[in-house]
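Engineer: this is a predicted model, with the sequence first.
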Amino acid sequence: MNKTVQQTTLHWEAALAIAQAALGKGQELGIRVAVAVMDRGGNLLAFARDPGAPFHSSQIAQDKATTSAGFGLPTKQWWPVLEGMNSPGLLAGIAAVPRMVVFGGGVPVYLGSDCIAGVGVSGGSEEEDEICARAGLAAAGLVAEPG
């Protein structure tokens, strides 16, 4: 019986680089966003917020990052999955899960085949938020898909 498991996690320096680059992409796009980077356990590694970002964007960004880190999927992929299951009970249940987001703007962070964190951006459209998140990953030399 194994008593421990080793897991790779994102370093805080990379988390800060992701947050800074994602915030910069928001400025480039002319939107004001909040950016959160969470580890696989849903712990905050880095956070940045444009002072003009909507108040609720701070928590939404953290929830998007948590959802992506927890499931290893971009948050935009959840809604089509739920619609395809045609299960009102599942839809109601998922919507009631704390920190679960089923719309775009959150992406996982992969290093090879391992999901090591999640990034969430909020303040723009779903598409703009995801563009910012992916720009953050690119700046840190990371990706949102398993390799």
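Structural biologist: Looks like it came in fine.

Engineer: switch to C-alpha atoms for all contacts and neighbour counts from now on
Structural biologist: Fine.

Engineer: now do stretch 125-132, average pLDDT.
Structural biologist: Averaging pLDDT along stretch 125-132 yields 98.

Engineer: give the buried residues for it.
Structural biologist: 126, 128-132 (16 or more other C-alpha atoms under 10 Å).

Engineer: which parts of the protein are strands?
Structural biologist: Counting by DSSP state E, one finds strands in the chain at the ranges 34-39, 44-49, 106-111, 114-122.

Engineer: for residue 16, which of the ones you listed is the nearest?
Structural biologist: strand 44-49 (5.6 Å; C-alpha to C-alpha).

Engineer: tell me what that closest one is packed against?
Structural biologist: Judged by 3 or more C-alpha pairs under 8 Å, 6 or more residues apart in numbering; DSSP states H and E, the packing partners of strand 44-49 are helix 12-29, strand 34-39.

Engineer: contacting residues around that strand?
Structural biologist: 12, 15-16, 19-20, 23, 32-39, 58, 62 (C-alpha atoms under 8 Å, 6 or more residues apart in numbering).

Engineer: and the angle from that strand to helix 12-29?
Structural biologist: With axes from the mean of the first three to the mean of the last three C-alpha atoms, to 10 degrees as the basis, strand 44-49 and helix 12-29 are set at 20 degrees to each other.

Engineer: buried stuff in strand 44-49?
Structural biologist: For strand 44-49, burial by neighbour count (16+ other C-alpha under 10 Å) applies to 44-49.

Engineer: cool, stretch 129-142 as well?
Structural biologist: For stretch 129-142, a neighbour-count test (16+ other C-alpha under 10 Å) marks 129-140, 142 as buried.

Engineer: could you find the closest non-adjacent residue to residue 74?
Structural biologist: Nearest residue to residue 74, sequence neighbours excluded (C-alpha to C-alpha, 6 or more residues apart in numbering): residue 107, at 4.2 Å.

Engineer: contacting residues for the one you found?
Structural biologist: If you count contacts by C-alpha under 8 Å, 6+ apart, residue 107 has them with 64-65, 68-69, 72-75, 118-120, 130, 133-134, 144.

Engineer: partners of it in the sheet?
Structural biologist: Applying DSSP bridges to residue 107 gives these bridge partners: residue 119.
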